[in-house]
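Visitor: Show me how the following folds:
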Amino acid sequence: MTIINKKLARSIISTTILATLGLASYNATARIDSLPVSFETRSEANLQLIQALDFGKVMGLAAFSDCTMPLGAAGAIDWSATPFTTTPAAAGTIAVTGTGCTSNAKSKLGHYVIVGDASTTVKIKLTTTTGGTDFNFAPVGSADIDNTAAHASTADIPLPTDTLTDVALGTTGKAGILIGGTVTIGGTALTAGTPYTMNYDVEVTF
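Guide: Model prediction:
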């Protein structure tokens, strides 16, 4: 009777397979190369003031009244050959409307420029300011990345209130922004002959 050592048989078979593959006759040598990896963080996008938003001397005194400065023609026209440095004339002659506007005096849209890295996209949100003692303000705007005098009206990007909106900065790395909006007087009547002011937030995510 023949007794087969199973452990020895497995060893012989394995050795035969390795030898057939040409792997049993040497030990492999590994080479390790150190290769570089690098990156650069994006520049922080910033907001530059060109023209401050100013309703002017248009408000009455009544509580709960409102006044809206629409973007008007300025929000849909060619800005100029230099929209990032020069405010379009139409943005300084906006006619306001609403129950709180006592005159049709010409108001000024806010004009700002977002500056960031070229060919990148930022998110912009115009935030409603509420809870003010005297009034609340809901901004609305329009962005333009075209710095030529003859761009299509579709180049303008609407910036709704309280909404994150993608704005591609293009090769200039800039976007011009016009901002208007609605002032709503609180529950207390205003004082005659008094200037009122409030800050509102523009959120830029880059």
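Visitor: Can you verify residue 202 is assigned to a strand?
Guide: Yes - according to DSSP: H, G, I helix; E, B strand; the rest coil, residue 202 belongs to a strand.
Visitor: Tell me the confidence at it?
Guide: As predicted, residue 202 sits at a pLDDT of 92.
Visitor: how far away is it from residue 35?
Guide: Distance, residue 202 to residue 35, using C-beta to C-beta, to the nearest Å: 43 Å. No exception for glycine: its C-beta is placed from N, CA and C like everyone else's.
Visitor: likewise residue 205?
Guide: According to C-beta to C-beta, residue 205 stands 33 Å off from residue 35.
Visitor: okay, those two: which has more neighbours?
Guide: More crowded of residue 205 and residue 35, by other C-beta atoms under 10 Å: residue 205, with 11 against 4.
Visitor: correct me, but that one touches residue 123?
Guide: Yes - counting by C-beta atoms under 8 Å, residue 123 is a contact partner of residue 205 at 4.1 Å.
Visitor: what is in contact with those two at once?
Guide: residue 164 (C-beta atoms under 8 Å, 6 or more residues apart in numbering).
Visitor: Now for residue 171: which residues touch it?
Guide: Contacts of residue 171 (C-beta under 8 Å, 6+ apart): 118, 119.
Visitor: Check the secondary structure at it for me.
Guide: Per three-state DSSP, residue 171 ends up helix.
Visitor: Could you do residue 91 as well?
Guide: helix.
Visitor: Show me where this structure has its helices.
Guide: Secondary structure of the chain (DSSP state H): helices at 6-21.
Visitor: Regarding it, what is its longest strand?
Guide: Longest strand in the chain, counting residues (DSSP state E): strand 174-185.
Visitor: tell me which strands and helices that strand is in contact with?
Guide: Other elements packing on strand 174-185 under the criterion 3 or more C-beta pairs under 8 Å, 6 or more residues apart in numbering; DSSP states H and E are strand 66-69, strand 110-115, strand 121-127, strand 135-144, strand 156-159.
Visitor: any chance of those strands in CSV, with distance to residue 168 too?
Guide: Output for the helices and strands packed on strand 174-185, formatted as CSV (distance: least, C-beta to C-beta, whole Å):
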stretch, distance to residue 168
strand 66-69, 27
strand 110-115, 11
strand 121-127, 5
strand 135-144, 10
strand 156-159, 9
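Visitor: Between those strands, which one is closest to residue 54.
Guide: Nearest of the helices and strands packed on strand 174-185 to residue 54, taken as C-beta to C-beta: strand 110-115 at 8.1 Å.
Visitor: For the closest one, give the mean pLDDT please.
Guide: Throughout strand 110-115, pLDDT has a mean value of 92.
Visitor: Can you check what angle separates it from strand 121-127?
Guide: Relative orientation of strand 110-115 versus strand 121-127 (axes from the mean of the first three to the mean of the last three C-alpha atoms, to 10 degrees): 150 degrees.
Visitor: can I get the CA coordinates of strand 110-115 in PDB?
Guide: Output of strand 110-115 as PDB, limited to C-alpha atoms (Å, rounded to 0.1, in the frame of the first residue of the first chain):
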ATOM      1  CA  GLY A 110     -26.000 100.300  -6.200                       C
ATOM      2  CA  HIS A 111     -23.100  99.400  -8.500                       C
ATOM      3  CA  TYR A 112     -20.500  96.900  -7.400                       C
ATOM      4  CA  VAL A 113     -17.900  94.700  -8.900                       C
ATOM      5  CA  ILE A 114     -17.000  91.200  -7.800                       C
ATOM      6  CA  VAL A 115     -13.300  90.400  -8.400                       C
END
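Visitor: Sweet, I'm off.
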